[in-house]
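A.B. asks: Sequence first, predicted model second:
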2 protein chains.
Amino acid sequence: MAAAESSYKDKKVITIGIVRELTGLSERQIRYYEERKLIFPDRTPGGSRKYSFSDIELLMEIANKIEDGVQTYEIRQEMIREKRAMDKKTHHKMIQGQLNAQFGIQKR
Amino acid sequence: MAAAESSYKDKKVITIGIVRELTGLSERQIRYYEERKLIFPDRTPGGSRKYSFSDIELLMEIANKIEDGVQTYEIRQEMIREKRAMDKKTHHKMIQGQLNAQFGIQKR
DNA sequence: TTTTATGTGTAAGGTTTTCTAACACAACTG
DNA sequence: CAGTTGTGTTAGAAAACCTTACACATAAAA
């Protein structure tokens, strides 16, 4: 049963400096992956980025793929494919909201 | 089995502004409760405070008690008592590390 | 009832953190 | 070769934090 799960994992509350520390990536890299639409932090009213633990995990996966020579464009395609696959099959699962938020209709 | 549990809940990665937002408390209050030794954030190398989700929960409990007229001093006593009770009984449990870190020997 | 302690607000001045934009460049890719 | 990718770095500005201090209404203690 266990309902929606407020889960800390997906709450966007971590600033980029901490993310840098936790992932070992440079802020430049983190922002660049956002530019390439691989990651979608929230923002404070003032404009500072806020990430979740999920985002951090995702960033580390991205970093691995990049190291393996995979390009951001390809990574994005994979992610979109994965999301679609999940939409069809597991139609109401946890990660759902996560990915939906990221690849859904970007409210410009 | 399930070992130590890296758990996001206790990782100190949230800055005070976000804590303010999540708890509804003012930064002044949050810092004051620290001064009264009710909460123990980590610090970045630069000196900014970092809190965990546990800290946030704790802060909300504190806020409730304060509203009920309980003084910070009493709250602290309660917390110390609770910690001791747990030390005796549940001798190696999750929350352990959490509380220990907070009420253990403060390395001045 | 004076005196002291508690809990918060607010202001000042100073650092740290973050942001965007731009230039540079090596290593690919087409 | 011309264009793209992924990062570093710099520069200037804005946001977020920090500490210290003064004020003050309440509440607790002497």
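C.D. replies: Received, thanks.
A.B. asks: part of a helix, is A:Lys50?
C.D. replies: No: the assignment for A:Lys50, made by DSSP: H, G, I helix; E, B strand; the rest coil, is strand rather than a helix.
A.B. asks: what's near enough to touch it?
C.D. replies: Neighbouring residues of A:Lys50 by C-beta atoms under 8 Å, 6 or more residues apart in numbering or on different chains: A:Lys12, A:Val13, A:Ile14, A:Thr15, A:Pro41, A:Asp42, A:Arg43, A:Thr44, B:Ile18. The C-beta positions use only the backbone N, C-alpha and C, and glycine is treated the same way.
A.B. asks: Looking at those residues, which one is closest to DNA strand C?
C.D. replies: Using C-beta to the nearest atom of the strand, A:Thr15 is the member of the contacts of A:Lys50 that lies nearest DNA strand C, at 3.2 Å.
A.B. asks: And for A:Tyr33, the neighbour number?
C.D. replies: A:Tyr33: 21 surrounding residues under other C-beta atoms under 10 Å in any protein chain shown.
A.B. asks: Which phi and psi values does A:Arg43 adopt?
C.D. replies: As for A:Arg43, its main-chain torsions (degrees, to the nearest 10) stand at phi -130, psi 150.
A.B. asks: Identify the bridge partners of it.
C.D. replies: A:Arg49 (DSSP bridges).
A.B. asks: so how far is DNA strand D from it?
C.D. replies: Counting by C-beta to the nearest atom of the strand, to the nearest Å, the gap from A:Arg43 to DNA strand D is 8 Å.
A.B. asks: A:Ile16 versus that residue, what's the distance?
C.D. replies: 11 Å (C-beta to C-beta, to the nearest Å).
A.B. asks: of the two, who's got more company?
C.D. replies: When A:Arg43 and A:Ile16 are compared for neighbours, A:Ile16 comes out ahead with 17 against 10, by other C-beta under 10 Å.
A.B. asks: Can you check which helix is longest in chain A?
C.D. replies: Identified as the longest helix of chain A according to DSSP state H is helix A:72-88.
A.B. asks: distance between that one and the chain's centre?
C.D. replies: Averaging C-alpha positions (C-alpha atoms, centre = their mean, to the nearest Å) puts helix A:72-88 12 Å from its chain's average.
A.B. asks: Can it be said to contact DNA strand C?
C.D. replies: No: Helix A:72-88 lies out of reach of DNA strand C by C-beta under 7 Å from any atom of the strand, never closer than 8.9 Å.
A.B. asks: mind listing what's buried in that helix?
C.D. replies: Neighbour counts using 16 or more other C-beta atoms under 10 Å in any protein chain shown place A:Thr72, A:Ile75, A:Arg76, A:Met79, A:Lys83 of helix A:72-88 among the buried residues.
A.B. asks: Which neighbours do A:Arg43 and A:Ile16 have in common?
C.D. replies: Contact criterion C-beta under 8 Å, 6+ apart; residues shared by A:Arg43 and A:Ile16: A:Arg49.
A.B. asks: follow-up on the earlier one: of the contacts of A:Lys50, closest to DNA strand D?
C.D. replies: For those, the minimum distance to DNA strand D (C-beta to the nearest atom of the strand) is 3.5 Å, reached by A:Thr44.
A.B. asks: Find me the pLDDT at the residue nearest to that closest one when sequence neighbours are not counted, would you?
C.D. replies: In space, and not counting its chain neighbours, A:Thr44 is closest to A:Lys50: 6.3 Å by C-beta to C-beta, 6 or more residues apart in numbering or on different chains. If you check A:Lys50, the pLDDT there is 98.
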